[in-house]
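> For reference, the sequence and a predicted model appear below.
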Amino acid sequence: MDLVLVIVLTAVMIPLVVFTTGILRIILSIVFLIFLPGYALVAALFPKKDSLDSVERMALSLVLSIAVVGLVGLVLVYTSWGIRACPIAGAFSGLILACSVAALLRRRGLPKEQRFEPRIRLSMPRLGKETAFDKALMCALLLAVLGAIGTITYVIVVPKHVERFSEFYLLSPNSTMEDYTHEAVVGKPVGNTLGIINREHDDVAYTIEVMIDGESVANIGPVQLSNGEKWEDKVSVVPTRVGSGQKVVFLLYKDKGTEPYLTLHIILDVVEEA
């Protein structure tokens, strides 16, 4: 029954955490993260009722929740999803549901008298009859809860610094970043490959302007990219006059900006056709 309640709470908490804001999201996130992941994991690891007593099971649930929150958060940082409400809710809901199902299956394989079944006691605990170890464990448990609440609140409230940038590169006809074409014939196209990688942690629309010696000769785009998405395409320029040292510039604009975001260039020596 406890695991069914955990699954129901998870299903209810996901939309609440995703679609709320401010202090309410903080409170719901703490409730969602501080206990449910660890409880489901402990239930899967220790399905027998005599494996742990109530205090040890509660303490381990909280400690494992804290550990799992840190580990999953670390993994999300290095993914394209990042630390956002939807990825966090999806990752932890999947973890909780998987552990809950595993715990239910493991309990089912045990005789009924050996299965762990939580019992709710409404009487207040009398600390005078607890052992010194139990008192120390309860104090450590309380400190862990307070520390976890403070940590999660800090992570949610304090803005995170995320490095946002785009990669803009030029490849030679050999698909390398060397051996670029520097000699051209007037009126003949010169082809290279341009590439963009979006690392902005947001959807971005890019446009590219191609110029030869300050004269605009082509426009490319808009190229719509999601975070982590890459675009490559062959781009040809056609020099219209003879001359050495002609500068071909590729200007990258972001989200209809008026100033170039990044620039690349190559130098062409243009001759008459033989």
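Structure received. Residues are numbered from 1 along each chain as shown.

> what ranges of the stretch 151-274 of the chain fall below the confidence cut-off?
151-162, 274 (pLDDT under 70).

> Quick check: residue 264 vs residue 194, distance?
Going from residue 264 to residue 194 by Cβ to Cβ, to the nearest Å gives 8 Å. The way it works is simple: take the backbone N, C-alpha and C, and place the C-beta from them, glycine included.

> Sorry, slip of the keys, the one I care about is residue 177.
12 Å.

> Surely residue 207 is in a strand?
Yes - assigned with DSSP: H, G, I helix; E, B strand; the rest coil, residue 207 falls within a strand.

> Count the residues that sit near it.
Residue 207 has 17 neighbours, counted by other Cβ atoms under 10 Å.

> Same check on residue 99?
24.

> My read is that it contacts residue 44, right?
Yes - assessed by Cβ atoms under 8 Å, residue 99 is found in contact with residue 44 at 4.6 Å.

> mind checking the SS state of residue 246?
strand.

> in what helix or strand does the closest residue to it other than its chain neighbours lie?
Distances taken as Cβ to Cβ, 6 or more residues apart in numbering place residue 268 nearest to residue 246, at 4.7 Å, with adjacent residues excluded. Counting by DSSP states H and E, the element that carries residue 268 is strand 262-271.

> Tell me the buried residues in that strand?
Across strand 262-271, burial judged by 16 or more other Cβ atoms under 10 Å covers 262, 266, 268, 270.

> Can you classify the closest residue to the last one other than its chain neighbours by secondary structure?
In this case it means residue 270. Closest residue in space to residue 270, ignoring its immediate chain neighbours: residue 239 at 4.4 Å, by Cβ to Cβ, 6+ apart. At residue 239 the chain is in coil, as set by three-state DSSP.

> what's the burial count for residue 239?
22.

> what sits against it?
184-188, 190, 212, 246, 268, 270 (Cβ atoms under 8 Å, 6 or more residues apart in numbering).

> can you check residue 181 too?
With Cβ under 8 Å, 6+ apart, residue 181 has these contacts: 172-173, 190-192, 266, 268.

> Show me which of those are buried.
190, 192, 266, 268.

> May I ask which two of the buried residues of strand 262-271 are separated the most?
Using Cβ to Cβ, the two most remote members of those are 262 and 270, lying 25.4 Å apart.

> ok, so of the contacts of residue 239, who is nearest residue 164?
Nearest to residue 164 out of the contacts of residue 239 is residue 212 (Cβ to Cβ; 31.1 Å).

> quick one: contacts for the closest residue to that closest one other than its chain neighbours?
Spatial nearest neighbour of residue 212, chain neighbours left out: residue 248 (5.3 Å); criterion: Cβ to Cβ, 6+ apart. The contact partners of residue 248, by Cβ under 8 Å, 6+ apart, come to 190, 210-212, 237, 265-268.

> Mind putting these into TSV with distance to residue 203?
Formatted as TSV, the contacts of residue 248 follow (distance: Cβ to Cβ, whole Å):
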residue	distance to residue 203
190	32
210	24
211	27
212	31
237	29
265	28
266	30
267	35
268	35
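
> could you pull out the helices for the stretch 51-200 of the chain?
54-77, 85-108, 132-157 (DSSP state H, counting those that start in this stretch).

> could you give me the average pLDDT of the second one?
Read it as helix 85-108. For helix 85-108, mean pLDDT rounds to 85.

> and the angle from that helix to helix 54-77?
Orientation of helix 85-108 against helix 54-77 (axes from the mean of the first three to the mean of the last three Cα atoms, to 10 degrees) gives an angle of 140 degrees.

> thinking again about what came up before, which one of the contacts of residue 248 is nearest residue 28?
Nearest to residue 28 among the contacts of residue 248, with distances taken as Cβ to Cβ, is residue 210, at 50.8 Å.

> so who does the nearest residue to that closest one once chain neighbours are set aside touch?
Once flanking residues are discounted, residue 210 sits nearest to residue 218: 4.1 Å by Cβ to Cβ, 6+ apart. Residue 218 makes contacts with 209-210, 235, 237, as judged by Cβ under 8 Å, 6+ apart.

> and of those, the nearest to residue 108?
The closest of the contacts of residue 218 to residue 108 turns out to be residue 235 (Cβ to Cβ; 62.0 Å).

> will you turn the contacts of residue 181 into JSON lines that also has distance to residue 117?
Formatted as JSON lines, those follow (distance: Cβ to Cβ, whole Å):
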{"residue": "172", "distance to residue 117": "69"}
{"residue": "173", "distance to residue 117": "71"}
{"residue": "190", "distance to residue 117": "76"}
{"residue": "191", "distance to residue 117": "72"}
{"residue": "192", "distance to residue 117": "69"}
{"residue": "266", "distance to residue 117": "73"}
{"residue": "268", "distance to residue 117": "79"}
